[in-house]
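Colleague: pasting the sequence and the predicted coordinates here, then a few questions.
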Amino acid sequence: MNGEPISMLSPAGVFTASPELPLDMGSIDAVGLYRDMVMTRTVDTEAIALQRQGELGLWPSLLGQEAAQIGAAHALKQKDVVFPTYREHGVAWCRGVDPVDLLGLFRGTTLGGWNPAANNFNLYTLVIGAQTLHAVGYAMGIVRDGDVGTGDPERDRAVLVFLGDGALSEGETNEAFVWAAAQNLPVVFFCQNNQWAISAPYSVQSKVSVAQRAQGFGFDGVRVDGNDVFACLAATREALAAARSGQGPTLIEAMTYRRNPHTTSDDDGRYRTLAENDAWAALDPVDRLHLYLKSTDQLNKAVLDGISGQKNTLADHLRSGCRALPVPGHASPFQNTYADLPDELERQMNEHMEFVEAGE
């Protein structure tokens, strides 16, 4: 588990099948993977610009982690449920979430309440590691609903939860691992090991790899090249299939790198070198897939022009959509807390609204 991560796509864009992670390339829309990675990077670039212009209070960049997120997201089925951190912009994109909706949390126009209609993609969790317990709780519900291990592909489903390497030092994450293993829950933990938990390197958090830690809790761990979209897709497909069939949890470690600061308020020059960043820039996941597609004649001018047009449309949508986000109403703290608003909470909401209206 502490060895080299499984990789199929080299930095030069050369594909080599892996005996450890079988992948039917005929089932892969490689151009679609590339398009989603480019669109995700566009979301990230535009959001950083909006923050610099004072339109957002904060933005957590994912630059360099596109392959991990897009590969994992493409392994999902529609009924699977996703619990992200605050950096899974690519997964949100693949689940059909309007990226403008992601901006609301960082603009202060949404309180991040539960929305059961949001494409089985839960809203961002800012508390480090908290989403792992949310995911395990939801997986317990799937088991109690009998939606795992039936053999019916239209019924069986699983949970995919994302975390960073820093979350492994949190008690919530370790509790989630214990519960997932003890109850054999249909949950896949996808850790993007981007080397840095804000300013703390992974080496000060653990003596062993992320994937190896799964053994101590009693379930499988797999380590993949997080800049290889095919490896990430294959590993997540396999893990989710096992979870849906009742084989329990898996921990996936995607070895990647956060090339931008932790957030737009961070100064990463205080704790890491430009040389380190440059070394990982040479392993860029988008460039890697681009090289593969060019070498296999899957990219032509029409495809590239189409992607370029989609990028421009998306950028315009983000700029105008961000500025048009509505200010939340006074009743919003009470909404989306429960599927059905309890009488007591409704009473409190009405009392609050009367107080607000009396003061206006």
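Modeller: Thanks, I have the structure now.

Colleague: excluding chain neighbours, give the residue nearest to residue 38 in space.
Modeller: Using C-beta to C-beta, 6 or more residues apart in numbering and skipping the chain neighbours, the partner closest in space to residue 38 is residue 307 (5.7 Å). C-betas here are computed from N, CA, C, even on glycine.

Colleague: give me the number of neighbouring residues for the one you found.
Modeller: By the criterion of other C-beta atoms under 10 Å, residue 307 has 17 neighbours.

Colleague: just say helix, strand or coil for it.
Modeller: What DSSP: H, G, I helix; E, B strand; the rest coil gives for residue 307 is helix.

Colleague: ok, it - contacts?
Modeller: Contact analysis of residue 307 by C-beta atoms under 8 Å, 6 or more residues apart in numbering lists 34-35, 38.

Colleague: now the strands for the chain?
Modeller: Per DSSP state E, the chain has strands spanning 81-83, 159-164, 187-193, 196-197, 200-201, 220-225, 250-255. These are given in chain order.

Colleague: and the residue nearest to residue 38, how far from residue 314?
Modeller: 10 Å (C-beta to C-beta, to the nearest Å).

Colleague: so where is the stretch 1-150 of the chain shaky, pLDDT-wise?
Modeller: For the stretch 1-150 of the chain, the stretches flagged by pLDDT under 70 are 1-2, 112-118.

Colleague: switch the cut-off to 90
Modeller: Along the stretch 1-150 of the chain, segments meeting pLDDT under 90 span 1-3, 109-119, 122-123, 125-126.

Colleague: show me where the stretch 251-360 of the chain has helices.
Modeller: For the stretch 251-360 of the chain, the helices defined by DSSP state H, counting those that start in this stretch cover 274-281, 285-295, 301-323, 343-359.

Colleague: the longest one versus helix 285-295: what angle between them?
Modeller: If I follow you right, that is helix 301-323. Put simply, helix 301-323 runs at 160 degrees to helix 285-295, going by axes from the mean of the first three to the mean of the last three C-alpha atoms, to 10 degrees.

Colleague: now swap in the first one and tell me
Modeller: Angle of helix 274-281 versus helix 285-295, following the same axes, to 10 degrees, is 30 degrees.

Colleague: got the buried residues for helix 274-281?
Modeller: For helix 274-281, the neighbour count (16 or more other C-beta atoms under 10 Å) marks 277, 280 as buried.

Colleague: can you check the second one too?
Modeller: Buried residues in helix 285-295, counted by 16+ other C-beta under 10 Å: 285-286, 288-293.

Colleague: okay if I get these as a markdown table plus distance to residue 66 and pLDDT?
Modeller: As requested, the buried residues of helix 285-295 are exported to a markdown table (distance: C-beta to C-beta, whole Å; pLDDT from 0 to 100):
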| residue | distance to residue 66 | pLDDT |
| --- | --- | --- |
| 285 | 5 | 98 |
| 286 | 6 | 98 |
| 288 | 10 | 98 |
| 289 | 9 | 98 |
| 290 | 12 | 98 |
| 291 | 15 | 98 |
| 292 | 14 | 98 |
| 293 | 15 | 97 |
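
Colleague: picking that back up, residue 10: which of the helices of the stretch 251-360 of the chain is closest?
Modeller: helix 285-295 (7.5 Å; C-beta to C-beta).

Colleague: could you count how many residues lie near residue 87?
Modeller: Counted with other C-beta under 10 Å, residue 87 comes out at 22.

Colleague: likewise for residue 103?
Modeller: 24.

Colleague: and the pLDDT at the residue lying closest to it once chain neighbours are set aside?
Modeller: Excluding its sequence neighbours, the residue lying closest to residue 103 (C-beta to C-beta, 6+ apart) is residue 322, at 4.9 Å. Reading off the confidence values, residue 322 has pLDDT 97.

Colleague: surely residue 322 touches residue 109?
Modeller: No. Checked against C-beta atoms under 8 Å, the pair residue 322 and residue 109 is beyond contact range at 9.3 Å.

Colleague: the more surrounded of those two?
Modeller: residue 322 (23 against 16).

Colleague: which residues touch the more buried one?
Modeller: Residue 322 is in contact with 50, 55-56, 100, 103, 107, counting by C-beta under 8 Å, 6+ apart.

Colleague: most surrounded residue in those residues?
Modeller: Within the contacts of residue 322, most neighbours by other C-beta under 10 Å means residue 103, with 24 neighbours.

Colleague: now it: how far from residue 319?
Modeller: Applying C-beta to C-beta, the value for residue 103 to residue 319 is 10 Å.

Colleague: and for residue 46, the neighbour number?
Modeller: 21.

Colleague: renumber starting at 38 from here on
Modeller: I'll keep to 38 as the first residue from here, and by that count the last item is residue 83.

Colleague: right, and it touches residue 356 too?
Modeller: Yes. With contacts counted by C-beta under 8 Å, residue 83 reaches residue 356, the gap being 6.7 Å.

Colleague: burial count for residue 241?
Modeller: Residues near residue 241, counting by other C-beta under 10 Å, number 8.

Colleague: please apply the same query to the one 4 residues further on.
Modeller: By other C-beta under 10 Å, 12 other residues sit near residue 245.

Colleague: any idea how far residue 341 is from it?
Modeller: According to C-beta to C-beta, residue 245 and residue 341 sit 43 Å apart.

Colleague: now do residue 102
Modeller: For residue 102, the distance to residue 341 (C-beta to C-beta) stands at 23 Å.

Colleague: the more surrounded of the two?
Modeller: residue 102 (27 against 15).

Colleague: thought that one was touching residue 230?
Modeller: No. Checked against C-beta under 8 Å, the pair residue 102 and residue 230 is beyond contact range at 10.1 Å.

Colleague: thinking again about what came up before, make CSV out of the strands of the chain and add distance to residue 158 and mean neighbour count.
Modeller: Converted to CSV, those look like this (distance: least, C-beta to C-beta, whole Å; neighbours: other C-beta atoms under 10 Å):
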stretch, distance to residue 158, mean neighbour count
strand 118-120, 5, 25
strand 196-201, 10, 27
strand 224-230, 14, 29
strand 233-234, 24, 21
strand 237-238, 28, 12
strand 257-262, 22, 24
strand 287-292, 18, 27
